[in-house]
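> Below are the sequence and a predicted model; questions follow.
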Amino acid sequence: MEVRAFVEITRPHNCSLAGIVGILGSIVALGSVPQIKTALLVFLVVTLGCAGGNTINDYFDYEIDSINRPERPLPRGAMSRKTAFWYAMFLFAIGLLTAWLISTYAFLFALAAYVLMFLYAWKLKPMPFIGNLAVATLTGATPLYGAIAVGRFGLAGTLAVCAFLVNVAREVVKDIEDMKGDLQKGAKTLPIIIGPKKAAYVGAGFGIATVIASFLPVRAGVGVGYYAMVPVDLIILYAVYLIARNQDKRTAHRSQILLKVSIFLAVMAFLIAALV
Ligand SMILES: CC(C)=CCC/C(C)=C/CC/C(C)=C/CC/C(C)=C/COC[C@H](O)COP(=O)(O)O
Ligand SMILES: CC(C)=CCC/C(C)=C/CC/C(C)=C/CC/C(C)=C/COP(=O)(O)OP(=O)(O)O
Ligand SMILES: [Mg+2]
């Protein structure tokens, strides 16, 4: 058992980004910075949920990760599957207790998100496109969580739409990248059902929709700091061009990584626009 596996399995880079997005949702909903206590609680509920979701995801993905991702903690033997299961339940429990400190609505919203993450890992992921929509719904729910915590929505809805669209695009491209392992395990992902080319066009369509939606906050009057979004949209369009042109594993990996970079930069752009 490797102690560092308890951090690694949670994918802290995703969880910390998600936590920041939760706080961003509060900022954009309020139009100002929330109380530090609220910001901290939102960050904890989202990061603990994301950590539990990634952990339970690796628990259920053990066989497929043994093919696609043998370096991950469970396939390489750094942690037992039983330990991973109860570690995920522990993370979810602490997250729910933290959500209870915010409000009843915040608790119920977190409970729904955590249940959806468990269902995704347990049953939804192999369903063509349904699994992609579940993950994208969870990422879209993240800024909404921050809004629920402060009792207002404001512009958090536009953030949620962008998060949903870009993550549908990224999930489809990730499925194109993982086709080999998914085929061996009999998973019925979108690229396997309709073919990688048509799936690439679906992902590209959601990528283009993200670029269009990324200007929604401008229409709502978000400040000039928002022009930081322009390079983000150019990166998304390049990722779309790559996957539409070629669907081999290497191109799909480059495209999905570019989409992840665009998510990180977009979050920074929204933060700048909200705080400038
Ligand atoms: C215009 C534009 C791109 C707006 C971005 C909107 C926005 C706020 C996006 C944030 C979405 C979010 C909550 C991200 C959290 C971290 C994350 C990438 C979650 C989804 O992860 C699922 C994925 O399958 C994990 O795989 P990997 O990253 O390869 O470990
Ligand atoms: C709204 C609240 C309270 C929490 C949301 C928490 C967040 C941000 C969830 C975003 C989606 C996410 C990261 C869920 C975790 C589990 C997951 C979907 C991991 C992706 O796993 P796979 O689809 O198997 O892809 P990999 O090949 O990377 O394992
Ligand atoms: Mg997985």
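Done, it's in. Ligands and ions are numbered 1, 2, ... in the order given.

> Show the contacting residues for the residue nearest to residue 12 when sequence neighbours are not counted.
Closest residue to residue 12 apart from its sequence neighbours, by CB to CB, 6 or more residues apart in numbering: residue 51 at 7.6 Å. For every residue, glycine as well, the C-beta is placed using N, CA and C. Residue 51 is in contact with 10-12, 15, 91, counting by CB atoms under 8 Å, 6 or more residues apart in numbering.

> rerun at 10 Å
By CB atoms under 10 Å, 6 or more residues apart in numbering, the residues touching residue 51 are 6-7, 9-12, 14-16, 18-19, 87-88, 90-92, 94-95.

> which SS class is it?
helix (DSSP: H, G, I helix; E, B strand; the rest coil).

> what does residue 42 give?
Residue 42 falls in the helix class when you classify it by three-state DSSP.

> ok, now residue 118?
helix.

> ditto for residue 78
Assignment for residue 78 (three-state DSSP): coil.

> Show the pLDDT at it.
For residue 78, the model assigns a pLDDT of 96.

> and it, how many residues sit next to it?
Residue 78 is flanked by 18 other residues according to other CB atoms under 10 Å.

> dump the residue contacts of it.
So residue 78 contacts 1-6, 8-9, 71-72, 84 (CB under 10 Å, 6+ apart).

> Which among the contacts of residue 51 count as buried?
Buried subset of these (neighbour count, 16 or more other CB atoms under 10 Å): 6, 9-11, 14-16, 18-19, 87-88, 91-92, 94-95.

> Now intersect those residues with the strands, please.
Per DSSP state E, strands hold no members of the buried ones among the contacts of residue 51.

> Show me which of those residues is closest to ligand 2.
Nearest to ligand 2 out of the buried ones among the contacts of residue 51 is residue 18 (CB to the nearest ligand atom; 3.4 Å).

> Check what pLDDT the closest one gets.
97.

> For it, which non-adjacent residue is closest in space?
Spatial nearest neighbour of residue 18, chain neighbours left out: residue 50 (4.5 Å); criterion: CB to CB, 6+ apart.

> hang on, that neighbour packs against residue 91?
Yes. At 9.0 Å, residue 50 counts as touching residue 91 under the criterion of CB atoms under 10 Å.

> Overlap in contacts, the two.
Overlap of the contact sets of residue 50 and residue 91 (by CB under 10 Å, 6+ apart) consists of 10, 15, 114.
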